[in-house]
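A.B. asks: Here is my input; please provide its structure:
(one chain, ligands or ions: 1)
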Amino acid sequence: MAIPALSTRRRSFIRTPLFTRVAVRRAWGYPNLPGFRLRNKGSIVRRPSHRLRTQASLASGSWSPPIAVTSRERLTGIASVGIPSASHESIKNEENVGNNDEMKRSAFKFMTYMGIFVILPILRLFGSRFYEKNVVPKLIGFLCGTKPIQYQRKKVVPFATGDVVEIGIGPGSNLQYYDADKVHKVIGIDPSHELNAIAQKRADQVKLNIEFNVSSAENIALMDASADSVVCTFALCSIPNPQLALSEIYRILRPGGKFYFCEHGLSPDFLTRTLQNLTSGFYPSLAGGCHANRDVIHLITSSGLVIEESSTMYLPGSVKFLGYNYWGVASR
Ligand SMILES: C[S@@+](CC[C@H](N)C(=O)[O-])C[C@H]1O[C@@H](n2cnc3c(N)ncnc32)[C@H](O)[C@@H]1O
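C.D. replies: Residues are numbered from 1 along each chain as shown. The predicted model follows:
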């Protein structure tokens, strides 16, 4: 009996590194990101479950940085994108967001769930225009201003150099973290007039040469190969067509230019991922277009950018379906 031939699509899928990566990921319990797996085939480690990690954090009395995912991290205990400045201890000190105060964290998580599933839908009933103008900017300002998120920014933003383009600059929360000595100019791209007005005020408080471009990252009005660095934090989730935005990022980066990213996205845990997929039908309309289930690394690599370093973790104190963070650097 003739064995039915595999379709061309299926055959090419099986041959792709992605298939290998997914298979390895399944077999080894999600030892994190593709760039890492490909470069460090021999050093894949099994990733402890979220429950085990949480228990370990609680037992030690403080939150610890992500479980090692790269060889550097295994050696130093620091999850960084070539960012050796913060010591393990300073991470603990700065980021000890209340493991000693579990009650506060639980209350915060409860309030977040109430906000998302009860309060925001009620406010949305007042009309989408009212909601987009008055609620969304405040919501973004609040969610993007929490301590763990601010800490995440410090892991990538200070590394941007030269002519920098920031995608989805929003209220300008990253401006304070640029290294003014290394940055020649920052061009902020964001289609929101409301958030731009907030960012303009913040721009007055920092010593940077900043230009705002109220437009979409899906169609960037900049020349090819004109940026040394592109920074994108917590914005890929909100851009309607992230593939298009990333192809624009690739286009505007100079060869060798760096893409610094810090995003929340698709969780490796089945239950969390299921919740992320279930909420994708309504959560974006409540949160300024934010999707909780984007596969950040796959999006970046499929644009042609090459991941140099990347790490992941659940942010402490955040609700799991919004709290799985990816950060790192890719290059053109
Ligand atoms: C969650 S906020 C993050 C803001 C900022 N990057 C930060 O880290 O605080 C998402 C941002 O993406 C912006 N955004 C949405 N669609 C966009 C697009 N097509 N191009 C560029 N930015 C976009 C939103 O206006 C918003 O400022």
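
A.B. asks: State whether residue 254 is indeed within a helix.
C.D. replies: No - per DSSP: H, G, I helix; E, B strand; the rest coil, residue 254 lies outside any helix segment and is strand.

A.B. asks: How about the secondary structure of the closest residue to it other than its chain neighbours?
C.D. replies: Closest residue in space to residue 254, ignoring its immediate chain neighbours: residue 225 at 4.6 Å, by CB to CB, 6 or more residues apart in numbering. C-beta coordinates here come from the backbone N, C-alpha and C atoms, glycine included. Judged by three-state DSSP, the three-state class of residue 225 is coil.

A.B. asks: helices or strands next to the strand or helix carrying residue 307 in the packing?
C.D. replies: Counting by DSSP states H and E, the element that carries residue 307 is strand 306-314. For strand 306-314, the packing partners by 3 or more CB pairs under 8 Å, 6 or more residues apart in numbering; DSSP states H and E come out as helix 34-39, helix 296-302, strand 324-331.

A.B. asks: same question for it, mean pLDDT?
C.D. replies: Regarding strand 306-314, the rounded mean pLDDT is 96.

A.B. asks: Same list, the helices and strands packed on strand 306-314, but as a markdown table with mean pLDDT, distance to the ligand and mean neighbour count please.
C.D. replies: Output for these, formatted as a markdown table (pLDDT from 0 to 100; distance: least, CB to the nearest ligand atom, whole Å; neighbours: other CB atoms under 10 Å):
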| stretch | mean pLDDT | distance to the ligand | mean neighbour count |
| --- | --- | --- | --- |
| helix 34-39 | 38 | 22 | 19 |
| helix 296-302 | 97 | 14 | 21 |
| strand 324-331 | 97 | 12 | 24 |
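
A.B. asks: would you turn the ones you listed into a markdown table with distance to residue 125?
C.D. replies: Shown next, in a markdown table, are those (distance: least, CB to CB, whole Å):
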| stretch | distance to residue 125 |
| --- | --- |
| helix 34-39 | 42 |
| helix 296-302 | 32 |
| strand 324-331 | 30 |
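
A.B. asks: which residue does the stretch 101-250 of the chain bring closest to the ligand?
C.D. replies: With CB to the nearest ligand atom, the shortest gap between the stretch 101-250 of the chain and the ligand falls at residue 170, namely 2.6 Å.

A.B. asks: so what's that residue up against?
C.D. replies: 140, 144, 190, 192, 195, 198-199, 234-235 (CB atoms under 8 Å, 6 or more residues apart in numbering).

A.B. asks: ok, and of the residues you listed, which contact the ligand?
C.D. replies: Of the residues in those, proximity to the ligand by CB under 6 Å from any ligand atom holds for 140, 144, 190, 192, 195, 234-235.

A.B. asks: Can you verify residue 275 is assigned to a strand?
C.D. replies: No - counting by three-state DSSP, one finds residue 275 to be helix, located in no strand.

A.B. asks: List, one by one, the residues from the chain near the ligand.
C.D. replies: So the chain meets the ligand at 140, 144, 167-170, 173-174, 189-192, 195, 216-218, 233-235, 238-240, 288-290 (CB under 6 Å from any ligand atom).

A.B. asks: Which ones among these map onto strands?
C.D. replies: 167, 189, 233 (DSSP state E).

A.B. asks: Hmm, residue 259 and the last one touching each other?
C.D. replies: Yep, that's residue 233 we're talking about. No - contact criterion CB atoms under 8 Å: residue 233 and residue 259 do not qualify, at 11.6 Å.

A.B. asks: give me the element residue 259 is part of.
C.D. replies: strand 253-264.

A.B. asks: What strands line up against that strand, and which way round?
C.D. replies: Within its sheet, strand 253-264 is paired with strand 227-233 (parallel), strand 324-331 (antiparallel), according to DSSP bridges.

A.B. asks: List the single closest residue to residue 173 in space, sequence neighbours excluded.
C.D. replies: residue 144 (5.3 Å).

A.B. asks: how far away is that neighbour from residue 125?
C.D. replies: From residue 144 over to residue 125 the distance is 25 Å, taken as CB to CB, to the nearest Å.

A.B. asks: Pick out whichever of those two has more residues nearby.
C.D. replies: Shown here are residue 144 and residue 125; by other CB atoms under 10 Å, residue 144 has more neighbours (18 against 9).
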